[in-house]
Each structure stands twice: as structure tokens, then as C-alpha cells.
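Visitor: pasting a predicted model and its sequence here:
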Amino acid sequence: EISACLVGSEMCIRDSWGGDCWSDYESMEESLRGGLSLQLSGFGFWSHDIGGHMNGFKDDEMAGRWFQLGVFSPINRLHSTKNEFNGKEPWRYKQEIRSMMGEFLRLRHKLLPYLYTMNYRAHAQDIPLILPMYYKNARSQEAYQVPNEFYFGSQLIAAPITSPRLPSLNMAKEKVWLPEGVYVDFFRGVIYEGGRMMDMYRDIDTLPCLLYTS
């Protein structure tokens with residue numbers, strides 16, 4: 001849905017959001033992929049209801065992963081229907097998830113200089129903050145095989161996790177494609193050579209996020 005206002009006789013688009021989504025992994029994926037489509041349609045100031053707006057089910061891990069997606073979104077907005085059991089305050093979740101949510105909310109604030117710069121770039125150059133991988137790699141088939149992965153500004157690639165942890169590993173898995181180049185894991189500091197597809201496994205405290213260096 002799109003929020004708009006009238007400026008003189010012209011319509012001014014203010015922002016767009018993913019609508020009243022359900023609280024489940026499928027809706028989180030749909031929110032992410034719908035948001036990437038909105039970016040390509042010119043709606044760069046986009047948000048979604050972190051954790052889901054209504055229905056679905058209460059799942060602490062799913063809500064935590066949605067918090068992570070929110071940090072790497074144009075707008076980081078916690079929202080839900082008015083329901084005693086559907087609040088998104090971190091203290092409503094078990095300690096493991098609550099601690100992670102707090103760390104990611106603090107990370108969002110640490111990213112403010114980068115976000116400011118990238119939003120100025122969006123204003124000056126009409127380049128949205130987040131873009132699907134095929135935007136810069138239209139001729140690479142791999143770019144179309146990673147629908148959860150996107151460019152977050154000019155220096156970062158993020159691949160939010162939209163599935164539960166594997167019980168045998170206590171980690172979740174996400175398929176990630178690295179274009180040619182050298183990348184540094186934002187959370188771990190591990191260096192990766194690009195030009196390959198790979199499965200990345202992450203515990204509840206991190207997600208695949210890579211800094212492009214060359």
C-alpha cells in the first residue's frame with residue numbers, strides 16, 4: 001500500500017509498506033520480495049510490519065529473524081494489530097531472542113551515518129537503498145536464484161534468513177551468491193572470494209551480511 005499527499009496540484013508519494021501481513025515465515029519472505037519489487041518501481045522509502053501484523057502464530061525465532069530483516073530495510077518499523085498477544089516489544093520474547101533483538105536495534109543506530117549517506121544518494125541519484133542482485137548483474141543467472149539476497153547501499157550485501165534453525169546444528173541456512181570480488185563477513189570478519197554460490201549457516205545472532213571490498 002502507498003501513502004501519498006498533495007503538494008500544490010501534484011501528487012507526492014511519501015512512502016509505501018507491505019500491507020497487513022501474517023505472522024509466519026512465508027509472509028516474511030513475501031514482505032521482503034514485495035519490497036524489492038517496490039524498490040524497482042521507484043518506491044524507495046518502504047516498510048513492513050516487523051514480526052507480522054496479525055494471524056499466523058507466535059514464534060520467537062521467526063520474530064527475531066524478522067527484526068534482523070528490519071534492520072536491513074529502508075524503514076525499521078515494529079508494528080502489529082492491537083492485540084495483547086501480538087506486541088513486538090523485545091521484552092515479550094524469551095531471553096535468547098530478546099538479547100539478539102536488542103543488539104540489532106542498537107546496530108540500526110550504529111548504521112545511521114551509512115543510512116544517511118545512502119539516503120542522500122537515493123535523493124541525488126535516484127538509486128534506492130536496497131536492490132535485488134539482478135539489478136547490477138542482469139546477465140548472471142545466479143542473480144535470479146537468490147530472491148532473499150539484496151544490495152544494501154553501495155558497500156553491503158544482505159541475505160536475511162526466512163526459515164527456522166536446523167535442529168541438528170542449531171543454525172539456519174541461506175543460499176547466497178557472491179559476484180566476482182572480495183568480501184568480508186560483516187559479523188565474523190571472514191574473507192570470501194566471490195564468483196560462487198554457497199550455503200551460509202548462521203546462528204540466531206547473525207545473518208549473512210557481506211562488505212564488498214574490491
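Guide: Arrived safely, thanks for sending. This one's a predicted model, so the numbers in the text were calculated from it and none came from an experiment. Numbering: from 1, shown residues only.

Visitor: quick one: the most centrally placed residue in the chain from G52, how far?
Guide: Centroid check for the chain by CA atoms, centre = their mean gives L69 as the closest residue, at 3.2 Å. To G52, L69 is 12 Å away according to CB to CB, to the nearest Å. Quick note: C-beta positions are derived from backbone N, CA and C, even for glycine.

Visitor: from E30, how far off is the closest residue to P160 other than its chain neighbours?
Guide: Using CB to CB, 6 or more residues apart in numbering and skipping residues adjacent in sequence, the residue nearest P160 is L69, 4.1 Å away. Here the criterion is CB to CB. By it, L69 lies 12 Å from E30.

Visitor: L156 now?
Guide: Distance from L156 to E30, by CB to CB: 23 Å.

Visitor: what's the answer for P128, then?
Guide: 19 Å.

Visitor: so the two - more neighbours on which side?
Guide: Set P128 next to E30 and count neighbours by other CB atoms under 10 Å: P128 wins out with 25 against 17.

Visitor: from what I see, the more buried one and S41 are in contact.
Guide: No. Assessed by CB atoms under 8 Å, P128 is found out of contact with S41, at 9.7 Å.

Visitor: residues shared between the contacts of these two?
Guide: Shared contacts of P128 and S41 (CB atoms under 8 Å, 6 or more residues apart in numbering): none.

Visitor: show the subsequent helix or strand relative to the helix or strand encompassing N119.
Guide: According to DSSP states H and E, N119 maps onto helix 112-125. Next along the chain after helix 112-125, taking DSSP H and E as the criterion, comes strand 130-132.
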